[in-house]
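K.L.:
I'll drop the sequence and a predicted model, then ask my questions.
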Amino acid sequence: MAHLFKKSTTRPMPPDAELFTKKGKSFARWTVKGKVRTAPVNDTGRIVTESATWYCKYRTAAGPVVEKSTGCKDKGAAQSRMNTLASDVERVKAGIATESELDVSKKMTGDVSAAITDYTNHMKALGLSGQHVYNVGMYLNNNVKELGWKTLRNLSGSTLAAWLEVRAVTPKDLDDPKSVMGAMSHNKTISAWHGFAAWLVKHGRMNKNPFAGLAKRDAHADQKHPRRALTPDELNKLFDAAYNRPLRDAYKGNKGRGEAMESDRADLTDATKDALQWLGTVRATAYKLAVLTGLRWGELRSITIGACRLDDVHPHLILQARDEKARRGAQIPVATGFVPELKDYLSERRARLFGQRGASIVPFDRLTMDNAPLLDVPENMSKVFKADALAAGLAVTMKVKRKRKDKDGKDIEVEVDRIDTRDSAGRMIDVHALRHTFGTLLARSGVSLQVAQRAMRHSTPTMTANVYTHLGLMDVAGAVNVLPNLANLVAPTVAPLARILVQQSALECNIGGNYGGDTESRQSPVSGLICRGFQRIAGKKNGGAEEDRTPDLLNAIQALSQLSYDPTNMASDTRWGAKETLL
């Protein structure tokens with residue numbers, strides 16, 4: 001039978017205690033911070049005190065008798081707590097619940113914000129990227145605030161689904177009808193909560209995942225900001241703008257201070273002009289390397305001088321696992337035509353680093369040089385890229401209204417200039433569009449989907465085909481034009497040779513079928529491209545496994561070999577060593 005009691009403990013007699021007897025029992029009286037205290041005295045001369053809270057003693061479902069604090073100072077509240085514990089014991093005995101389930105149920109009264117902090121710390125300990133951890137924490141904490149969730153017991157999949165449905169049709173900003181939640185934000189929210197709840201279940205803080213089974217939206221069909229690939233002509237203009245804009249803008253003077261210049265052109269020192277030219281060179285080289293390797297911007301920034309292997313048989317860059325999105329690490333091949341230009345840049349980069357030795361307290365040894373970044377570019381390139389795109393004629397400025405605070409702290413609407421990189425179809429370009437361009441160039445060069453997937457380091461070929469392959473109308477028009485004229489079609493069949501030509505044209509010589517072990521090269525009847533095949537193990541019909549023989553790096557090298565990079569076709573002021581035409 002469960003019962004309540006207060007624990008008794010003995011303590012030494014206070015030095016200023018006064019002993020007295022009451023009803024034949026000894027007591028001690030003393031003063032603490034102006035308050036008089038009394039306590040019984042035992043036979044050993046020590047005072048006996050009781051706990052401030054009530055304890056209960058009860059027999060568990062497994063049989064042993066245990067003592068547990070109720071945490072209550074009031075006896076009535078302690079009695080209610082003891083009744084709950086006794087009820088839990090009866091539920092376990094009856095087989096209605098297990099002790100572990102009851103333990104999890106008690107943990108679900110914990111603070112949800114504290115649990116989110118534990119979850120994000122767990123992700124950091126696993127070595128996940130800081131940006132990913134920040135984004136997940138942002139989604140979770142924002143939803144907790146908007147939905148009013150306080151404890152883990154409040155988490156509800158149906159509540160989240162209803163809120164997402166409202167956000168999908170209700171603008172966040174009533175003045176902007178387009179500020180509804182897009183499919184990508186919808187899916188990221190569900191992924192964040194699903195991962196968080198799965199972690200809670202794994203660590204015994206919840207019994208089941210309440211967000212399992214929540215439907216995601218089609219992010220590909222509902223893109224708020226679809227990207228597009230850049231054409232070769234647009235790339236040349238972008239490289240030219242990236243190289244010339246720092247110096248060109250400096251010649252215009254600083255308009256931000258509102259000071260009128262006496263001359264039409266700012267007077268710059270030779271050192272300033274050299275620094276600005278180098279800044280343009282770094283930026284243009286970064287854009288080119290992004291287009292020709294498919295590196296994400298964060299991955300591009302992580303490449304060090306020591307990670308460049310440009311003198312190998314297959315020139316490549318070493319991408320460390322900690323810096324790659326998938327945390328696997330990779331060897332990134334460099335297009336052969338771009339290697340001489342990159343070597344010249346690397347040589348100048350080393351020379352400029354050595355030139356800064358006097359400004360450093362620590363000796364600048366070879367190890368420090370190898371650890372220096374290959375491209376000294378900022379992490380957030382959004383504003384810089386938009387300005388380069390505007391200078392290249394790939395973007396326009398438009399007036400938009402924004403809410404600002406006046407000097408009295410009141411909300412006012414002001415008109416500001418915004419750079420818009422969207423085309424007439426609503427497709428935009430940004431730094432990540434350079435990676436899209438890389439995938440599209442691979443597709444247009446006749447590279448098979450499997451090899452393009454490896455070159456772009458995607459987990460599935462679907463991602464490569466549906467998201468990163470922006471094939472234009474001319475890529476498909478040639479295949480359509482070789483179809484037979486229906487007016488002249490006599491027989492309902494097509495000659496075998498014509499059928500082969502149609503298939504080859506439509507696939508642009510994408511050799512990925514059941515060929516033998518020999519490497520093949522064929523010419524597209526549409527574009528005239530010589531499409532190189534890749535060695536494959538004999539097909540299944542010949543008893544083979546139908547897999548690539550070549551290693552991943554070589555596959556990517558073969559893919560890049562079909563991309564043409566001719567620096568002589570680039571604008572003269574985008575190549576390394578070109579003179580600035582503005583001087």
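P.N.:
Done, it's in. Owing to the predicted nature of the structure, the values given are computational and were not obtained by experimental measurement.
K.L.:
and Arg435, what is it in contact with?
P.N.:
290, 294-296, 456, 468 (CB atoms under 8 Å, 6 or more residues apart in numbering). Bear in mind the C-beta positions are built from the backbone N, C-alpha and C, glycine included.
K.L.:
if you set the cut-off to 6 Å instead, what comes out?
P.N.:
Taking CB atoms under 6 Å, 6 or more residues apart in numbering, we find Arg435 in contact with Gly294.
K.L.:
can you tell me the helix or strand for it?
P.N.:
helix 433-444 (DSSP states H and E).
K.L.:
and if you look at Ala452?
P.N.:
Ala452 belongs to helix 449-456, assigned by DSSP H and E.
K.L.:
tell me the average confidence for that helix?
P.N.:
The predicted model assigns helix 449-456 a mean pLDDT of 87.
K.L.:
Name the residues of that helix that are buried.
P.N.:
Using 16 or more other CB atoms under 10 Å as the test for burial, helix 449-456 gives 450-456.
K.L.:
Would you check that Met398 makes contact with Thr421?
P.N.:
No - with contacts counted by CB atoms under 6 Å, Met398 stays clear of Thr421, the gap being 11.0 Å.
K.L.:
and those two? which has more neighbours close in?
P.N.:
Thr421 (19 against 11; other CB atoms under 10 Å).
K.L.:
which ones are touching Ala2?
P.N.:
Going by CB under 6 Å, 6+ apart, Ala2 touches 56, 58, 82, 86.
K.L.:
separation between Gly439 and Ala271?
P.N.:
From Gly439 over to Ala271 the distance is 41 Å, taken as CB to CB, to the nearest Å.
K.L.:
Let me fix that, I meant to ask about Gly204.
P.N.:
From Gly204 to Ala271 the distance is 63 Å (CB to CB).
K.L.:
Could you do Lys407 as well?
P.N.:
40 Å.
K.L.:
Ok, Ser156 next?
P.N.:
63 Å.
K.L.:
Neighbour count for those two, which is higher?
P.N.:
Neighbours per residue, other CB under 10 Å: of Ser156 and Ala271, the larger number sits with Ser156, 14 against 8.
K.L.:
How confident was the prediction at the more buried one?
P.N.:
93.
K.L.:
next SSE after the top helix by length along the chain?
P.N.:
As assigned by DSSP state H, the longest helix anywhere in the chain is helix 270-293. Per DSSP H and E, the first helix or strand lying C-terminal to helix 270-293 is helix 297-302.
K.L.:
Mind exporting the C-alpha coordinates of the helix holding Arg435 to CSV?
P.N.:
In CSV, the C-alpha atoms belonging to helix 433-444 read as follows (Å, rounded to 0.1, in the frame of the first residue of the first chain):
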residue,chain,number,x,y,z
ALA,A,433,22.9,29.1,-62.0
LEU,A,434,26.5,28.6,-63.0
ARG,A,435,26.2,25.0,-61.7
HIS,A,436,23.0,24.6,-63.7
THR,A,437,25.0,25.9,-66.7
PHE,A,438,27.6,23.2,-66.1
GLY,A,439,25.0,20.5,-66.2
THR,A,440,23.4,21.9,-69.3
LEU,A,441,26.7,22.1,-71.1
LEU,A,442,27.4,18.4,-70.3
ALA,A,443,24.0,17.5,-71.8
ARG,A,444,24.5,19.5,-74.9
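K.L.:
Checking the residue most central in space within the chain next. Helix, strand or coil?
P.N.:
Note on the chain: the residue nearest the mean C-alpha position is His132, at 4.5 Å, using CA atoms, centre = their mean. Classification of His132 using DSSP: H, G, I helix; E, B strand; the rest coil returns helix.
K.L.:
any idea how far it is from Ala326?
P.N.:
12 Å.
K.L.:
same thing with Gly157?
P.N.:
In terms of CB to CB, Gly157 sits 29 Å off from Ala326.
K.L.:
Quick one: distance of stretch 147-156 to the chain centre.
P.N.:
26 Å (CA atoms, centre = their mean, to the nearest Å).
K.L.:
what does stretch 244-251 give?
P.N.:
Averaging C-alpha positions (CA atoms, centre = their mean) puts stretch 244-251 33 Å from its chain's average.
K.L.:
Check stretch 417-437 too.
P.N.:
Distance, centroid of stretch 417-437 to centroid of chain: 19 Å (CA atoms, centre = their mean).
K.L.:
Strands of the stretch 201-350 of the chain, start to end?
P.N.:
Applying DSSP state E, counting those that start in this stretch to the stretch 201-350 of the chain gives strands spanning 308-309, 316-319, 330-333.
K.L.:
Could you list the paired strands of the last one along with their orientation?
P.N.:
Sheet pairing here is set by DSSP bridges, and for strand 330-333 it gives strand 316-319 (antiparallel).
K.L.:
Enumerate the positions of the strand it pairs with that are buried.
P.N.:
Residues of strand 316-319 classed as buried: 316-317, 319 (neighbour count, 16+ other CB under 10 Å).
K.L.:
now stretch 135-149
P.N.:
136-137, 139-140, 143-144, 149.
K.L.:
and if you look at stretch 224-241?
P.N.:
So for stretch 224-241, counting by 16+ other CB under 10 Å, buried means 227-230, 234-241.
K.L.:
Ala372 reaches Ile305, doesn't it?
P.N.:
Yes - using CB under 6 Å, Ala372 is in contact with Ile305, at 5.3 Å.
K.L.:
that older thread, tell me the one of the buried residues of strand 316-319 nearest Tyr119?
P.N.:
Distance to Tyr119, by CB to CB, is smallest for Leu319 among these, at 28.1 Å.
K.L.:
Verify the stated contact: the closest one with Ala330.
P.N.:
Yes - when contacts are counted by CB under 6 Å, Leu319 is listed as touching Ala330 (4.6 Å).
K.L.:
re earlier: can you tell me which of the buried residues of helix 449-456 is closest to Leu394?
P.N.:
Ranked by distance to Leu394 (CB to CB), the buried residues of helix 449-456 are led by Met456 at 23.2 Å.
K.L.:
Run the angle between the host helix or strand of Phe354 and helix 270-293 for me.
P.N.:
Using DSSP H and E, Phe354 falls within helix 339-355. For helix 339-355 against helix 270-293, the angle between stretch directions is 140 degrees (axes from the mean of the first three to the mean of the last three CA atoms, to 10 degrees).
K.L.:
In helix 339-355, which residues are buried?
P.N.:
Buried residues in helix 339-355, counted by 16+ other CB under 10 Å: 341-342, 345-346, 349, 353.
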